[in-house]
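Undergrad: from the sequence below, what's the structure:
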Amino acid sequence: MRVRGSSGITSNPVLIGAATVLVLLVAVFLAYNANQGLPFVPTYQLKVDAPSAANLVRGNEVRIGGARVGSLTEIRAVRRADGTSFARLTLKLDKAVSPLAKDSKVIIRPRSALGLKYVELTRGRSEEGFADGDTIPLAQSTPAQVEFDEFLNMFDTRTRAAMQRNLDGFGTALAGRGPALNTAIGAFRPLLRDVQPVMENLSSEETDLDGLVTSLSQAAAEAAPVAELQGDLFVNLDTTFTALGEIARPFLQDTISEGRPALDTAIRSLPAQRPFLRNTTGFFAELRPGARALRDAAPNLSAALVAGTPALARSPQLNRRLEPVFRTLQAFADDPQAPRGVRRLTETVTSLRPTLEYLRPTQTKCNYVTLLLRNGSSLLSEGDAKGTWQRFNVIALDPDNQGRGPNGEGSPSTGPANGGGPENFLHSNSYPNTGAPGQDDECEAGNEPWLPGRAVIGNVPDAQLGTTELTGAPLREQRERDAAAQEEAEE
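TA: Numbering: from 1, shown residues only. Below you'll find the model as predicted:
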């Protein structure tokens, strides 16, 4: 009897091979996408803004409390308006995580020392949660990451050498000192007993140690931007103190040791100097008008210095020629009769002082002495064909009347001329006013007016001019002032 072959699917080797291949493909697909999540499984997606992707790659795990809750599906760089960038991560999370509290924190942590990373979420306590597709802001991605290689880079060649020296120094310091350490530990007991109230004070709220530490932290943060400058400062201070070390003894030592006596002397003397300083301040305050006037006088002083330089160059010769004169004066001063003569001369000058004060305005105000000398010189040197002006002739005051008017001056009279014509009136002022003390402020001589029809004996009525004709430098100055005034008036 012949057995009939089975007609089912299991009897067809082609179908069995195709099914096997299909199962393998599905298994490979599921294994390849295992990190991305299983297909047809509902997920909860969030975006996270982080300062840096920190060596993350697609497919890295997302954990909460150490348990895997999803994976990283996308990493994208986002550029700010100021040109800087940050990373935006797309997370595919299990549906059980939804909704994630809005105050949750994000941190990127290392999974191994080889650089593998994962994203850790720390749930917050907010009652509000992120909806599917929301973005966790950058401010909640803290703290800034420190990579393992950055940590290792801290131990550069200089740091490793310094650590070796420290280890060698501490080892050498502690070697063979076990009994001393035991003794020190035993001596710590009183310290621990006494430190208890200190710790209680530090832990008290009134001490506010927390505020002190916070303030120190803020101060350190303020000083951080200038840390490099402070480092340079200490380097420069080291250079400075190295230089000072070379003169520390005896110069700096003597300065410090003698500084205290100097300060004591200053404490005693400075109060006594205060009146002098106040007087000096007042003196210089009073000198200010003179200093301002000196600015205007500077051109004249400059001209005087220029003119005086040649004279100073010739002064040694003059000094040699004056030496006999001063020797004679010294001999005169050594004569016992000289002081008596000086005292007599002083008495004479003192007695003449009122007279000189009375006569002084005659020249200083009215210029009469200069005019007398000038006119006297002209009287003897100038003239005409008949001779100089010094001639004596009879002057007929009234040729028509032959001086026969009342008391005419052409002949003897019994009184001053007082009529017979407008010119026959005597005008005589033997003591004119010169601006002397007790007189009117006027220079009468040379300024008297002719008063027709009346005799005038003595001072002329009314005040006359306070000046007379100027000569020499005052005349030139007056002419310059008049010319300047005329030019100003014309402008």
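
Undergrad: what's the neighbour count on residue 407?
TA: Using other CB atoms under 10 Å, residue 407 has 19 other residues around it. No exception for glycine: its C-beta is placed from N, CA and C like everyone else's.

Undergrad: next up, the contacts around residue 89.
TA: When contacts are counted by CB atoms under 8 Å, 6 or more residues apart in numbering, residue 89 touches 47-50, 53, 56, 72, 74-75, 119.

Undergrad: weed out the non-buried ones from these.
TA: Neighbour counting with 16 or more other CB atoms under 10 Å marks 48-50, 53, 56, 72, 119 as buried within these.

Undergrad: can you give me the helices in the stretch 351-491 of the chain?
TA: For the stretch 351-491 of the chain, applying DSSP state H, counting those that start in this stretch gives helices covering 368-381, 472-490.

Undergrad: quick check, residue 71 in contact with residue 56.
TA: No. Using CB atoms under 8 Å, residue 71 is not in contact with residue 56, being 11.0 Å away.

Undergrad: dump the contacts of residue 89 into JSON lines; add distance to residue 202 and pLDDT as well.
TA: Putting these into JSON lines (distance: CB to CB, whole Å; pLDDT from 0 to 100) gives the following:
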{"residue": "47", "distance to residue 202": "46", "pLDDT": "89"}
{"residue": "48", "distance to residue 202": "41", "pLDDT": "89"}
{"residue": "49", "distance to residue 202": "41", "pLDDT": "88"}
{"residue": "50", "distance to residue 202": "39", "pLDDT": "86"}
{"residue": "53", "distance to residue 202": "44", "pLDDT": "79"}
{"residue": "56", "distance to residue 202": "44", "pLDDT": "83"}
{"residue": "72", "distance to residue 202": "46", "pLDDT": "87"}
{"residue": "74", "distance to residue 202": "51", "pLDDT": "89"}
{"residue": "75", "distance to residue 202": "48", "pLDDT": "88"}
{"residue": "119", "distance to residue 202": "40", "pLDDT": "87"}
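
Undergrad: circling back: figure out which of the helices of the stretch 351-491 of the chain is closest to residue 42.
TA: Using CB to CB as the measure, helix 472-490 is the one of those that comes nearest residue 42, at 107.2 Å.

Undergrad: give the rounded mean pLDDT of that closest one.
TA: Helix 472-490 comes out with an average pLDDT of 70.

Undergrad: how about stretch 462-469?
TA: Here the average pLDDT along stretch 462-469 is 77.

Undergrad: which stretches of this protein have low pLDDT?
TA: Residues of the chain that meet the criterion pLDDT under 70 lie in 1-12, 14-15, 26-41, 113-115, 142-150, 391-405, 409-411, 470-476, 478-479, 491.

Undergrad: could you pull out the strands for it?
TA: Applying DSSP state E to the chain gives strands spanning 43-50, 61-64, 67-79, 85-94, 105-110, 117-122, 135-136, 383-384, 387-388, 427-428, 456-457.

Undergrad: could I get those as JSON lines with distance to residue 219?
TA: What follows is those, written out as JSON lines (distance: least, CB to CB, whole Å):
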{"stretch": "strand 43-50", "distance to residue 219": "31"}
{"stretch": "strand 61-64", "distance to residue 219": "38"}
{"stretch": "strand 67-79", "distance to residue 219": "35"}
{"stretch": "strand 85-94", "distance to residue 219": "30"}
{"stretch": "strand 105-110", "distance to residue 219": "28"}
{"stretch": "strand 117-122", "distance to residue 219": "31"}
{"stretch": "strand 135-136", "distance to residue 219": "33"}
{"stretch": "strand 383-384", "distance to residue 219": "105"}
{"stretch": "strand 387-388", "distance to residue 219": "105"}
{"stretch": "strand 427-428", "distance to residue 219": "102"}
{"stretch": "strand 456-457", "distance to residue 219": "101"}
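
Undergrad: residue 175: which of the ones you listed is closest?
TA: It's strand 105-110; of the strands of the chain, that one is closest to residue 175 (CB to CB) at 38.6 Å.

Undergrad: report all helices and strands that the closest one contacts.
TA: In terms of contacts (3 or more CB pairs under 8 Å, 6 or more residues apart in numbering; DSSP states H and E), strand 105-110 is packed against strand 43-50, strand 117-122.

Undergrad: including distance to residue 454, could these go into a markdown table?
TA: Converted to a markdown table, the helices and strands packed on strand 105-110 look like this (distance: least, CB to CB, whole Å):
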| stretch | distance to residue 454 |
| --- | --- |
| strand 43-50 | 121 |
| strand 117-122 | 129 |
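
Undergrad: residue 311 is nearest to which of these?
TA: strand 43-50 (92.1 Å).

Undergrad: domains of the protein?
TA: Under the assignment named as automatic domain parsing, the residue ranges that make up the domains of the chain are 42-152, 257-334, 363-380+394-491.

Undergrad: give me the number of residues near the closest residue to residue 458 other than its chain neighbours?
TA: Among residues not flanking residue 458 along the chain, residue 429 sits closest, at 6.1 Å (CB to CB, 6 or more residues apart in numbering). Using other CB under 10 Å, residue 429 is surrounded by 14 other residues.

Undergrad: starting at the chain centroid, how far to stretch 128-146?
TA: Counting by CA atoms, centre = their mean, to the nearest Å, stretch 128-146 is centred 51 Å from the centre of its parent chain.

Undergrad: and stretch 81-91, by the same measure?
TA: The answer for stretch 81-91 is 47 Å, by CA atoms, centre = their mean.

Undergrad: stretch 231-241 now?
TA: Worked out by CA atoms, centre = their mean, stretch 231-241 lies 26 Å from the chain centre.

Undergrad: go on, stretch 194-203?
TA: Distance, centroid of stretch 194-203 to centroid of chain: 49 Å (CA atoms, centre = their mean).

Undergrad: please apply the same query to stretch 422-442.
TA: How far stretch 422-442 lies from its chain's middle: 69 Å, per CA atoms, centre = their mean.

Undergrad: please export the C-alpha coordinates of that stretch as CSV.
TA: Written as CSV, here are the backbone C-alpha positions of stretch 422-442 (Å, rounded to 0.1, in the frame of the first residue of the first chain):
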residue,chain,number,x,y,z
PRO,A,422,40.9,196.6,32.7
GLU,A,423,44.6,195.8,32.7
ASN,A,424,45.5,198.1,35.6
PHE,A,425,44.7,195.6,38.3
LEU,A,426,47.4,193.9,40.3
HIS,A,427,47.4,190.1,40.4
SER,A,428,50.0,188.8,42.9
ASN,A,429,50.2,185.3,44.5
SER,A,430,53.5,185.0,46.4
TYR,A,431,52.6,181.6,48.1
PRO,A,432,50.5,179.6,45.6
ASN,A,433,48.9,176.3,46.7
THR,A,434,51.0,173.2,45.8
GLY,A,435,48.8,170.4,47.2
ALA,A,436,50.8,170.5,50.5
PRO,A,437,49.2,169.3,53.7
GLY,A,438,46.6,171.8,54.9
GLN,A,439,46.2,173.3,51.4
ASP,A,440,43.6,172.7,48.6
ASP,A,441,44.4,169.9,46.3
GLU,A,442,45.6,172.1,43.4
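
Undergrad: touching that stretch from outside, list them.
TA: Contacts for stretch 422-442 (CB under 8 Å, 6+ apart): 357-362, 365-366, 368, 397-398, 401, 405-409, 416-419, 443-445, 448, 450-460, 463-466.

Undergrad: can you point out the buried residues in it?
TA: 424-426, 432-436, 442.

Undergrad: out of those, which comes closest to residue 259?
TA: residue 435 (67.6 Å).

Undergrad: excluding chain neighbours, give the residue nearest to the closest one in space.
TA: residue 361 (3.9 Å).
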